[in-house]
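[1] Take a look and give me a structure for this.
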Amino acid sequence: MRSIQRRAFLTAGGAGLFHVLAARKGFTAQASSRRVVVHTEVPVGVIRPELHSHFAEHLGSCTYGGLWVGKNSSIPNINGHRRQAVEYLRALGIPVLRWPGGCFADDYHWRDGIGPAAKRPKRVNLWWGQYVEDNSFGTHELIELCRLIAAEPYIAGNIGSGTPQELREWVEYCNFPSGSTLSDERAANGSPEPFRVRYWGVGNENWGCGGRMTPDEYAARYRQFSNYLLARGGIGGTRVFLIACGPNRNDTEWTRRFFESARRGQAVVRDWGLHGYAMHFYSNSPVEAAKHTADTMRQQLASFAELEKAIQQQHALLRSYDPEARIGLLIDEWGIWDRMSPEEEKRYGRLWQQIPMRGALAAAMGLNVFHRQADKLIMGNIAQTVNVLHSMLLTEGPHCIRTPAYYAFELLKPHRGKTALRFESDERESVGLSVSVSRQDGELALTGVNPKPDESLQVECVLAGATAASGTARLLHHPDLNACNTFDKPDVVVPKDHRVEVTRERVRFELPPLGVATATLRL
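    Model (predicted):
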């Protein structure tokens, strides 16, 4: 992999830089130097904004109590949507929001969530705590939320306990303009204009909670369902983008068997009715979120090297079956998954997880991986948006705060839509300096992540083929890897302006221990 920072080289210039900068006043940890050479004329691929997408499931307090508080709530809301959450998420700019699951998707029947709220049935959430949900948040509420935060919806359809007819009718209900019974029902429920939902998942984790299927069984189900969803070009004029369930982490056997079965009897790829293929990749840990040590953090963050390898190998497999690149690779669930605290789950809901500074490092390292592999990915959805797992926001009653992971996404936002660039670095460790670089017109974005808890990095970036006129930078940092934003102290970990030195083809900045910085340069 030519662009990854593990390719080693050392220069006298880099060593000299260390001696100059180490003598300056700055962060007090032990310091060392790192050198990055950016090939400004060697592109990787466009960093699609969709790589920064999100996922919200009916799980714990992610949807109910998190995003949705109800129209009659005393908590400030916009037609039932938590106002503060809407404001924060709109400011972050979520490109795509995936819903309703997750495991919940293959036990969800969409008709439960339409029509007058008082008449919607109450259902047991089979997978997450057996809570009784009133279905007050359904399809119309999802679309309204997506419009409020300027996100595109991605609906995961039920093929585990559902039927082809049920999913086909959901697509018609959402997308057919008018004149059919289903489109007229949508209009009667308050939405005369079609929703035009483009992204549709055909099941979720069908190797596990989505039906415990074999790859061959799932391939047969996929062919059956997609046949009705794509008949004569789709339903209602909206060109749908169908997404198949890919593997858990880098399960190459699932991918091989799925595609061998999927193409059986099909002449060419375009006949498969397959546009996207979604892998899930969690970075698990047996330690509670705010109780990590330097060693346990390192073990967890080492998974991002495995993620990068998984992307490369799954993409290569995909192209062996699809050499014309008609099918895109997604990672529509990813993030850190720590051991749950029983006390916190009892208070806040299932899979509630605090997000400390370590979570910001993980978010930034994951996005850096996506940027470096921009030619191989079309979407990434971090799990999950509010309260659950690797969340952007935490809520309790009227309180809504931004986590350090939220600010990591904010810091890496300048990369969206730019073209990722090849680079080389002298970093030798898998859990060391993490970098991504991108360019568009006269602007270059450079992000560095220092996951080391006791070592400050003096970073010199050499621009091969370009010069910089000026630059600004922002830094997210806290010396305690377990530091987190709380309802009492919501601004413990927040980004600040950071010093960056720009001298034509050289850019220098300091990365303190446990630091994430993005520099934006004018070329």
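[2] hey, where'd the strands end up in the stretch 1-150 of the chain?
    Assigned by DSSP state E, counting those that start in this stretch, the stretch 1-150 of the chain shows strands spanning 30-46, 53-55, 77-78, 81-82, 96-99, 123-124, 132-133.
[3] Hmm, I typed the wrong one, I wanted the stretch 251-400 of the chain.
    In the stretch 251-400 of the chain, the segments counted as strands under DSSP E, counting those that start in this stretch are 276-288, 328-339, 379-383, 393-396, 399-402.
[4] Can I get stretch 416-431 as PDB, trimmed to CA atoms?
    Taking C-alpha atoms only, stretch 416-431 is exported to PDB below (Å, rounded to 0.1, in the frame of the first residue of the first chain):
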ATOM      1  CA  ARG A 416     -15.200  15.800   2.300                       C
ATOM      2  CA  GLY A 417     -15.400  16.100  -1.400                       C
ATOM      3  CA  LYS A 418     -11.600  16.500  -1.900                       C
ATOM      4  CA  THR A 419      -9.300  14.000  -3.600                       C
ATOM      5  CA  ALA A 420      -7.200  11.900  -1.300                       C
ATOM      6  CA  LEU A 421      -3.500  12.000  -2.100                       C
ATOM      7  CA  ARG A 422      -0.700   9.500  -1.900                       C
ATOM      8  CA  PHE A 423       1.900  10.100   0.700                       C
ATOM      9  CA  GLU A 424       4.800   8.400   2.500                       C
ATOM     10  CA  SER A 425       5.700   8.500   6.200                       C
ATOM     11  CA  ASP A 426       8.500   7.300   8.400                       C
ATOM     12  CA  GLU A 427       6.100   6.000  11.000                       C
ATOM     13  CA  ARG A 428       6.900   2.300  11.700                       C
ATOM     14  CA  GLU A 429       4.300   1.400  14.300                       C
ATOM     15  CA  SER A 430       0.800   0.200  13.600                       C
ATOM     16  CA  VAL A 431      -0.500   2.300  16.400                       C
END
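[5] picking up where we left off before, deepest of the strands of the stretch 251-400 of the chain, which one?
    Ranked by mean neighbour count under mean count of other CB atoms under 10 Å, the strands of the stretch 251-400 of the chain are led by strand 379-383, which reaches a mean of 27. Glycine gets a C-beta too; all of them are placed from N, C-alpha and C.
[6] now the angle between strand 328-339 and that one, please.
    Put simply, strand 379-383 runs at 20 degrees to strand 328-339, going by axes from the mean of the first three to the mean of the last three CA atoms, to 10 degrees.
[7] and strand 379-383, average pLDDT?
    Averaged across strand 379-383, the pLDDT comes to 98.
[8] Neighbouring strands of it in the sheet, and parallel or not?
    Applying DSSP bridges, strand 379-383 is found paired with strand 53-55 (parallel), strand 328-339 (parallel).
[9] Looking at the strands of the stretch 251-400 of the chain, which is nearest to residue 143?
    strand 379-383 (17.6 Å; CB to CB).
[10] For residue 47, what are phi and psi?
    Dihedral angles of residue 47 (phi, psi; degrees, to the nearest 10) stand at phi -80, psi 100.
[11] I'd say it and residue 417 touch.
    Yes: counting by CB atoms under 8 Å, residue 47 touches residue 417, with 6.7 Å between them.
[12] Now do the helices in the stretch 251-400 of the chain.
    252-262, 294-301, 303-321, 342-348, 357-372 (DSSP state H, counting those that start in this stretch).
[13] before we move on, the earlier item: quick one: the strands of the stretch 251-400 of the chain as CSV, columns for distance to residue 141 too.
    Formatted as CSV, these follow (distance: least, CB to CB, whole Å):
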stretch, distance to residue 141
strand 276-288, 24
strand 328-339, 21
strand 379-383, 19
strand 393-396, 17
strand 399-402, 18
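[14] Among those strands, which comes closest to residue 254?
    It is, among the strands of the stretch 251-400 of the chain and with distance given as CB to CB, strand 276-288, at 9.4 Å.
[15] Specify the angle between that closest one and helix 252-262 in degrees.
    Orientation of strand 276-288 against helix 252-262 (the same axes, to 10 degrees) gives an angle of 160 degrees.
[16] Partner strands of strand 276-288 and their direction?
    Assessed with DSSP bridges, strand 276-288 is paired to strand 241-248 (parallel), strand 328-339 (parallel).
[17] could the ones you listed go into TSV alongside distance to residue 367?
    Below are the strands paired with strand 276-288 laid out as TSV (distance: least, CB to CB, whole Å):
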stretch	distance to residue 367
strand 241-248	20
strand 328-339	10
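[18] what's the closest of those to residue 167?
    Nearest to residue 167, of all the strands paired with strand 276-288, is strand 241-248, at 10.4 Å by CB to CB.
[19] Would you mark the buried spots in the closest one?
    Going by neighbour count (16 or more other CB atoms under 10 Å), the buried part of strand 241-248 is 241-247.
[20] try stretch 119-131
    Neighbour counts using 16+ other CB under 10 Å place 120, 123, 125, 127-128, 131 of stretch 119-131 among the buried residues.
[21] from these, which ones fall inside helices?
    Judged by DSSP state H, these include no members of helices.
[22] on that earlier part again, just so I know, which of the strands of the stretch 251-400 of the chain lies nearest residue 301?
    With CB to CB, the closest approach to residue 301 among these belongs to strand 276-288: 7.5 Å.
[23] For the closest one, the averaged confidence score.
    The model assigns strand 276-288 a mean pLDDT of 97.
[24] Report all helices and strands that the helix or strand where residue 508 lies contacts.
    Using DSSP states H and E, residue 508 sits in strand 506-511. Secondary-structure packing of strand 506-511 (3 or more CB pairs under 8 Å, 6 or more residues apart in numbering; DSSP states H and E): helix 12-22, strand 443-450, strand 455-464, strand 500-503, strand 515-522.
[25] Please repeat the previous calculation with a cut-off of 10 Å.
    When contacts are defined as 3 or more CB pairs under 10 Å, 6 or more residues apart in numbering; DSSP states H and E, strand 506-511 sits against helix 12-22, strand 30-46, strand 443-450, strand 455-464, strand 470-477, strand 496-498, strand 500-503, strand 515-522.
[26] quick one: which of the buried residues of stretch 119-131 is nearest to residue 300?
    Of the buried residues of stretch 119-131, the one sitting nearest to residue 300 (CB to CB) turns out to be residue 128, at 23.3 Å.
[27] wait, isn't the closest one in contact with residue 100?
    No: using CB atoms under 10 Å as the test, residue 128 is too far from residue 100 to be in contact (11.4 Å).
[28] anything in contact with each of these two?
    Listed as contacting both residue 128 and residue 100 by CB atoms under 10 Å, 6 or more residues apart in numbering are 57-59.
[29] Redo those as a markdown table? Include neighbour count and pLDDT.
    Converted to a markdown table, the shared contacts of residue 128 and residue 100 look like this (neighbours: other CB atoms under 10 Å; pLDDT from 0 to 100):
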| residue | neighbour count | pLDDT |
| --- | --- | --- |
| 57 | 28 | 97 |
| 58 | 26 | 96 |
| 59 | 29 | 95 |
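[30] Am I right that residue 52 is in contact with residue 93?
    Yes: using CB under 10 Å, residue 52 is in contact with residue 93, at 7.8 Å.
[31] Any regions of this structure where pLDDT drops low?
    Scanning the chain for pLDDT under 70 picks out 1-28, 231-233, 265-271.
[32] try 90 this time
    For the chain, the stretches flagged by pLDDT under 90 are 1-31, 126-131, 227, 230-237, 262-273, 430.
[33] what's near enough to touch the nearest residue to residue 475 once chain neighbours are set aside?
    Spatial nearest neighbour of residue 475, chain neighbours left out: residue 498 (3.7 Å); criterion: CB to CB, 6 or more residues apart in numbering. Listed by CB under 10 Å, 6+ apart, the contact partners of residue 498 are 472-477, 509-512, 515, 517-519.
[34] Of these, which pair is most distant in space?
    Farthest-apart pair in the contacts of residue 498 is 472 and 512; separation 17.7 Å (CB to CB).
[35] quick one, which of the two is more surrounded?
    Counted by other CB atoms under 10 Å, residue 472 and residue 512 do not tie: residue 512 has more neighbours, with 21 against 14.
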